[in-house]
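Visitor: Predicted model, plus sequence, below.
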Amino acid sequence: MASIEALIAREILNSLGYPTLWVDARLTDDTIGHASVPSGAPTGTHEAVELRDGDKNRFDGLGVLKAISKIDEIIEPALIGMTVRDQEAIDRRLIELDGSIRKSNLGANTLLGVSLALASAAAVFHKMPLYRFIGGEEANTLPVPIMNMIDGGRHAIDSMDVQEIMITPLGASKFSTAVRMCAEIYQKLGKLLMGKKLNTGVGDEGGFVPSLKSNREALQFIVDAIESAGYKPGVDCFIAIDSRSVDLYKNGKYVLPKEGVSFTSAEMVEYYGRLAGEYPIISIEDGMAPEDWDGWKLLTSKLGGKVQIVGDDLYSTQPDLLARGIKEKASNSICIKMNQIGTLTETLRVIDMAKDAKWTAVVSHRSGDTASTIIADLAVAKNTGLIKAGAPCRSERSVKYNRLLEIEHELGEHARFPGMNALYNLGK
């Protein structure tokens with residue numbers, strides 16, 4: 001069995017033009033695996049800590065030369081000679097080397113780059129795709145995409161109050177059809193916006209960024225685009241919202257400047273209820289602020305039977321926070337972002353925790369992403385049934401969907417696509 005011979009790290013740019021890590025892992029038989037690390041923009045307060053240089057003379061302090069030095073001076077010497085057969089042992093060693101709760105010593109970006117590069121090398125060594133190495137023979141479920149259509153919030157100035165409005169083609173019969181549906185609807189949406197002389201530039205995650213009067217106007221545009229593409233809203237294709245309510249929460253109230261309103265937690269829940277009654281909304285992510293646990297519980301109790309309630313900032317892929325959410329019934333789904341936790345093994349355990357609770361786990365990209373396709377393999381490896389990777393636009397987004405198309409082809413008749421069954425959390 002080949003063992004670890006070298007780790008080589010370098011600084012590259014992510015999709016926002018900021019530096020991030022690239023890590024090559026070389027084994028004793030010259031097998032090479034590699035990984036690049038995404039970054040959130042913005043990030044949640046509970047996320048594991050990224051290690052940045054702080055040198056304002058380079059990349060305004062965001063360089064990752066310190067992370068590279070940690071790999072060279074601490075991690076590589078500690079891992080050389082270990083077998084790549086046991087990913088858990090590798091990740092356990094990484095966690096021990098860091099020794100902190102939120103990866104603040106070596107950095108979650110540092111640890112994740114090494115963890116994923118070694119998993120990639122192991123898959124190459126075993127001559128199998130990454131999803132098979134991680135998930136075994138039972139890894140065969142293609143996820144339903146949740147694709148961004150309109151960017152707002154911090155992702156786009158002057159678009160709309162919520163951060164993202166997305167579509168999810170739960171009525172599709174297979175993954176390739178789902179991707180085609182989303183792409184067709186996206187193109188129709190662009191034409192509808194252009195017809196109204198609205199901006200068709202795109203935001204951080206590929207969604208359009210028109211200047212709109214309200215969230216409802218955005219929702220109506222998307223419904224019109226679904227119909228214009230020849231599909232039925234609420235049958236073939238549904239709508240998902242990512243509010244990122246932490247940005248809306250001011251002094252105990254939810255402030256929607258475009259709408260010109262401010263809501264209490266209960267009123268915000270009622271607002272979502274009205275939207276879900278008017279539009280085919282099937283998923284609401286970060287509907288409440290992470291500190292508003294009572295608001296989360298109210299939202300889930302009111303809408304959780306028919307709408308997927310997804311916690312992102314609330315949990316930040318942290319098992320302790322997820323355990324609290326499960327106990328308090330704060331949501332029925334979690335957003336999975338690998339760099340929020342720091343190693344592959346820890347990510348897999350959080351997904352298992354959610355599934356054991358009969359919750360869904362939405363494998364997700366980050367705003368500052370790279371051309372990596374690892375989250376596509378992760379979604380298939382764990383049969384999560386759902387993936388959020390941005391719009392069918394911008395290569396760092398589309399490359400993940402293209403990887404899933406490749407996996408669908410590889411699996412052939414063994415490929416499964418859950419459709420509406422992906423939302424097994426509803427009614428729970």
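Guide: Everything's here; your move. Numbering: from 1, shown residues only.

Visitor: And for stretch 389-408, what's in contact with it?
Guide: Applying C-beta atoms under 8 Å, 6 or more residues apart in numbering, the external contacts of stretch 389-408 come out as 14-15, 129, 131, 142-143, 145, 147-149, 174-176, 179, 182-183, 186, 202, 205-207, 364-365, 369-371, 373, 375-377, 379-380, 387, 415. Where you see a C-beta, it was placed from the backbone N, CA and C, and this is true even at glycine.

Visitor: Need phi/psi at residue 256.
Guide: Note on residue 256: its backbone torsions stand at phi -110, psi 90 [degrees, to the nearest 10].

Visitor: Any buried residues in the longest helix seen in the chain, and which?
Guide: Taking DSSP state H as the criterion, the chain has its longest helix at helix 175-195. Using 16 or more other C-beta atoms under 10 Å as the test for burial, helix 175-195 gives 175-176, 178-186, 188-190, 192-193.

Visitor: Could you list the alpha-carbon positions for stretch 133-150 in PDB?
Guide: Extracted in PDB, the C-alpha atoms of stretch 133-150 (Å, rounded to 0.1, in the frame of the first residue of the first chain):
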ATOM      1  CA  PHE A 133     -13.800   5.700  -2.700                       C
ATOM      2  CA  ILE A 134     -15.700   7.800  -0.200                       C
ATOM      3  CA  GLY A 135     -19.100   6.100  -0.400                       C
ATOM      4  CA  GLY A 136     -18.500   2.500  -1.600                       C
ATOM      5  CA  GLU A 137     -20.700   0.400  -3.800                       C
ATOM      6  CA  GLU A 138     -23.900   2.000  -2.500                       C
ATOM      7  CA  ALA A 139     -23.000   5.500  -3.900                       C
ATOM      8  CA  ASN A 140     -25.300   5.800  -6.800                       C
ATOM      9  CA  THR A 141     -27.800   8.700  -6.200                       C
ATOM     10  CA  LEU A 142     -27.500  11.800  -8.300                       C
ATOM     11  CA  PRO A 143     -28.700  14.900  -6.400                       C
ATOM     12  CA  VAL A 144     -31.500  17.200  -7.400                       C
ATOM     13  CA  PRO A 145     -29.900  20.500  -8.100                       C
ATOM     14  CA  ILE A 146     -31.000  23.700  -6.300                       C
ATOM     15  CA  MET A 147     -29.800  26.300  -8.900                       C
ATOM     16  CA  ASN A 148     -29.400  30.000  -8.400                       C
ATOM     17  CA  MET A 149     -31.500  32.200 -10.600                       C
ATOM     18  CA  ILE A 150     -31.300  35.700  -9.000                       C
END
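
Visitor: buried stuff in that stretch?
Guide: Result for stretch 133-150 [16+ other C-beta under 10 Å]: buried residues 133-135, 139-150.

Visitor: likewise stretch 1-11?
Guide: Result for stretch 1-11 [16+ other C-beta under 10 Å]: buried residues 2, 4-5, 7-9, 11.

Visitor: Just put those residues in CSV and tack on pLDDT, secondary structure and distance to residue 86.
Guide: Converted to CSV, the buried residues of stretch 1-11 look like this (pLDDT from 0 to 100; DSSP: H, G, I helix; E, B strand; the rest coil; distance: C-beta to C-beta, whole Å):
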residue, pLDDT, secondary structure, distance to residue 86
2, 87, coil, 13
4, 97, strand, 11
5, 97, strand, 17
7, 98, strand, 17
8, 98, strand, 22
9, 98, strand, 22
11, 98, strand, 29
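
Visitor: check contacts around residue 267.
Guide: Contacts of residue 267 (C-beta under 8 Å, 6+ apart): residue 254.

Visitor: cool, residue 309 as well?
Guide: Counting by C-beta under 8 Å, 6+ apart, residue 309 touches 283-284, 287, 296, 299-300, 303, 331-333.

Visitor: got a winner among those residues for most neighbours?
Guide: residue 331 (31 neighbours; other C-beta atoms under 10 Å).

Visitor: Tell me how far it lies from residue 284.
Guide: 9 Å (C-beta to C-beta, to the nearest Å).

Visitor: ditto for residue 82
Guide: With C-beta to C-beta as the criterion, residue 82 and residue 284 are 43 Å apart.

Visitor: wait, is residue 6 part of a strand?
Guide: Yes: under DSSP: H, G, I helix; E, B strand; the rest coil, residue 6 falls within a strand.

Visitor: Nearest residue to it in space, please, no chain neighbours.
Guide: Nearest non-adjacent residue to residue 6, counting by C-beta to C-beta, 6 or more residues apart in numbering: residue 26, 4.5 Å away.

Visitor: Confirm that the one you found sits in a strand.
Guide: Yes: with three-state DSSP as the criterion, residue 26 is part of a strand.

Visitor: and it, how many neighbours does it have?
Guide: Applying other C-beta under 10 Å, we find 18 residues neighbouring residue 26.

Visitor: swap in residue 409?
Guide: 11.

Visitor: Who does the residue nearest to the spatial centre of the chain form a beta bridge with?
Guide: Nearest to the geometric centre of the chain sits residue 364, at 1.4 Å (C-alpha atoms, centre = their mean). In this structure, residue 364 bridges to residue 388 when assessed by DSSP bridges.

Visitor: That one against residue 337, yeah?
Guide: Yes: applying C-beta atoms under 8 Å, one finds residue 364 in contact with residue 337, separated by 5.1 Å.

Visitor: anything in contact with each of these two?
Guide: Shared contacts of residue 364 and residue 337 (C-beta under 8 Å, 6+ apart): residue 312.

Visitor: coming back round to it: overlap in contacts of residue 331 and residue 284?
Guide: 299, 309-310.

Visitor: Now find how far off-centre stretch 2-14 is within its chain.
Guide: In this view, stretch 2-14 has its centroid 24 Å away from the chain centroid, taken as C-alpha atoms, centre = their mean, to the nearest Å.

Visitor: now swap in stretch 240-253 and tell me
Guide: 18 Å.

Visitor: Flag every buried residue along it.
Guide: For stretch 240-253, by 16+ other C-beta under 10 Å, it's 240-249.

Visitor: And for that stretch, what's in contact with it?
Guide: Taking C-beta under 8 Å, 6+ apart as the rule, stretch 240-253 contacts 42, 44-45, 146, 153-154, 161-168, 215, 254-256, 262-264, 268, 275, 281-292, 308, 310, 312-313.

Visitor: Among those residues, name the buried ones.
Guide: Among the contacts of stretch 240-253, the ones that count as buried by 16+ other C-beta under 10 Å are 44, 146, 153, 161-168, 215, 254, 256, 262-263, 268, 275, 281-290, 292, 308, 310, 312-313.

Visitor: taking the residues you listed one by one, which sit in strands?
Guide: 164-168, 254, 256, 262-263, 281-285, 308, 310 (DSSP state E).

Visitor: isn't residue 426 right next to residue 307, touching?
Guide: Yes: taking contacts as C-beta under 8 Å, residue 426 lies within contact range of residue 307: 7.4 Å.
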